[in-house]
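# Provide a 3D model corresponding to the input given below.
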Amino acid sequence: MNLFELSQNETFFAFFILANVVCIGIYIIILLSNLASKNLETKNVYFNCLLVLQIIYFIVSIVWAFGYFSDYSFRISIIRYSKMIYFIVGGFAAFCWFMYIEILMGARFSRTKKSRLLIGVPIIISAITTLIISIITDDVKIEKNVLVSISQMYIPFTYIVFAGVYSIIMAIITKNKTNRNRYISLAVYPFGLVAISLLQVFFLELPIFCLGTTFMIVALYIFKIQAQVSTDPLTGINNRSALTRYIGEYTKFNVTYVLMIDVDDFKSINDNFGHVEGDKALVILADALKNGTNKCKEKCFLARYGGDEFIIIASYTEDFDVDSIIKVLNEEVSNTSKMTNGYQLQVSIGASKVNENESILTVIEQADQRMYALKSQKKRNRSR
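Here you go, the predicted structure:
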């Protein structure tokens, strides 16, 4: 029997099963690829958990399809309990996505295990409520139960919508084009999820949810891989590779300065406090420089140049005072004293202007020389 000889019901069933099996395969490939990287960062753990929950969701979808498209006497029970698992798994998937976004944005609400647990409490309550009501309530009353709607739909959707709104807000306030594109891409998933969920309600027989979410996850994964190529894994800002591309794509402004930034006596931090604390110092410094560039009206490209050295390419259509940028950066760095473990971060900043017909690479070398001259001057002053 070929596909054209199947009844309409059988055709829908076959297509639904095939779509879910294909999506499961795609998710498994992404998951195995992620696990192979051995990246144990908290955000990556939540992303992997999201993939696992989605795989479980699609497996449950296949079970649901056997109940929905069959005429067996126990089909109602299959539909009932598969829907229960749907919403429980979907709720935890929403939580994982929220946590992934939250950590990517700087973990403002989830810096400790206790805070992450508190954020997960509504989902845990939602799962328990869904489980209890699904068991004790009959099929007629369950659809009209207000607690069912709240636990199954509203609580998970709150996590999803919040993550989407959060991403959009960050996209609006950031001045970094790379970060803006990343935040916009992250906002697509939650709002797209809401849209395809609503479509799935009206077209139950079509695998809209599995195909839609898989398409979005694949797109996000590709964007995630691309971002890793351009992002410094420690500090989260642009890396040397991104700097090279920026220079290659650079469009001349009326005024451009290159600023080379290096931590003063960084070796002493590693020697006295350990390399873990040294890495923490670089992360704190990167955040401070990021805050400083966000306060400037100029277009600033910030990257980690290597080791404890950072670079900023500041451009504007009108002439500007580069010393004012240096002042803002130094102020932001000095404000990090409360975040460090008993030491004060200080930096030396060398600046050089890009003149007409002059290569940025040449100016980077000039700024680097001025930065090291400033560091040498500080050492001579301290030795007196």
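# What pLDDT does the model give residue 166?
In this model, residue 166 is scored at 86, pLDDT.
# Look up phi and psi at it.
Per-residue torsions, residue 166: phi -60, psi -40 (degrees, to the nearest 10).
# Also residue 356?
Backbone torsions of residue 356, given as degrees, to the nearest 10, read phi -60, psi 140.
# Look up how far residue 370 lies from it.
Between residue 356 and residue 370 the distance, using C-beta to C-beta, to the nearest Å, works out to 20 Å. Every C-beta, even on glycine, is put in place using the N, C-alpha and C of the backbone.
# Skipping adjacent residues, who's closest to the most centrally placed residue in the chain in space?
Nearest residue to the geometric centre of the chain (C-alpha atoms, centre = their mean): residue 104, 4.0 Å. In space, and not counting its chain neighbours, residue 104 is closest to residue 43: 5.8 Å by C-beta to C-beta, 6 or more residues apart in numbering.
# Does anything pack onto the helix or strand containing that neighbour? Which helices or strands?
Under the criterion of DSSP states H and E, residue 43 resides in helix 42-68. Secondary-structure packing of helix 42-68 (3 or more C-beta pairs under 8 Å, 6 or more residues apart in numbering; DSSP states H and E): helix 8-36, helix 75-104, helix 208-230.
# What is the following helix or strand past the longest one packed up against?
Pointing back at helix 75-104 there. Remark: after helix 75-104, the chain's next helix or strand is helix 113-136, criterion DSSP H and E. In terms of contacts (3+ C-beta pairs under 8 Å, 6+ apart), helix 113-136 is packed against helix 75-104, helix 146-149, helix 155-173.
# between helix 113-136 and helix 42-68, how big is the angle?
Counting by axes from the mean of the first three to the mean of the last three C-alpha atoms, to 10 degrees, helix 113-136 lies at 10 degrees to helix 42-68.
# State the pLDDT value of the closest residue to residue 65 other than its chain neighbours.
Closest residue to residue 65 apart from its sequence neighbours, by C-beta to C-beta, 6+ apart: residue 16 at 4.9 Å. Note for residue 16: predicted pLDDT of 88.
# Next, the nearest residue to residue 115 once chain neighbours are set aside: phi, psi?
Using C-beta to C-beta, 6+ apart and skipping the chain neighbours, the partner closest in space to residue 115 is residue 109 (6.3 Å). Backbone torsions for residue 109, taken as degrees, to the nearest 10, come to phi -110, psi 0.
# Can you report how many residues neighbour residue 109?
Per other C-beta atoms under 10 Å, the neighbour tally for residue 109 reads 15.
# Dump the helices and strands packed on helix 42-68 to CSV, plus distance to residue 277.
Output for those, formatted as CSV (distance: least, C-beta to C-beta, whole Å):
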stretch, distance to residue 277
helix 8-36, 29
helix 75-104, 21
helix 208-230, 25
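# Can you tell me which of the ones you listed is packed in deepest?
Mean neighbour count, computed with mean count of other C-beta atoms under 10 Å, is highest for helix 75-104 among those, reaching a mean of 21.
# could you give the angle of that helix to helix 208-230?
Using the same axes, to 10 degrees: helix 75-104 against helix 208-230 is 20 degrees.
# Check which helices and strands helix 75-104 is in contact with.
Other elements packing on helix 75-104 under the criterion 3+ C-beta pairs under 8 Å, 6+ apart are helix 42-68, helix 113-136, helix 139-142, helix 155-173, helix 177-202.
# and the second one, average pLDDT?
In this model, helix 113-136 has a mean pLDDT of 83.
# Go through it and flag the buried ones.
Buried residues in helix 113-136, counted by 16 or more other C-beta atoms under 10 Å: 116, 119-120, 122-123, 126-127, 129-130, 133-134.
# Closest to residue 235 out of those?
Closest approach between these and residue 235, by C-beta to C-beta: residue 116, at 22.7 Å.
# got the contact list for the closest one?
Neighbour list for residue 116: 99, 110 [criterion: C-beta atoms under 8 Å, 6 or more residues apart in numbering].
# Roughly how far does it sit from residue 46?
Residue 116 sits 9 Å away from residue 46, going by C-beta to C-beta.
# Kindly report the same for residue 190.
Separation of residue 190 from residue 46 (C-beta to C-beta): 14 Å.
# Between these two, which has more neighbouring residues?
Neighbour tally, residue 190 and residue 46, criterion other C-beta under 10 Å: the higher count belongs to residue 190, 25 against 22.
# Appreciated, that's everything.
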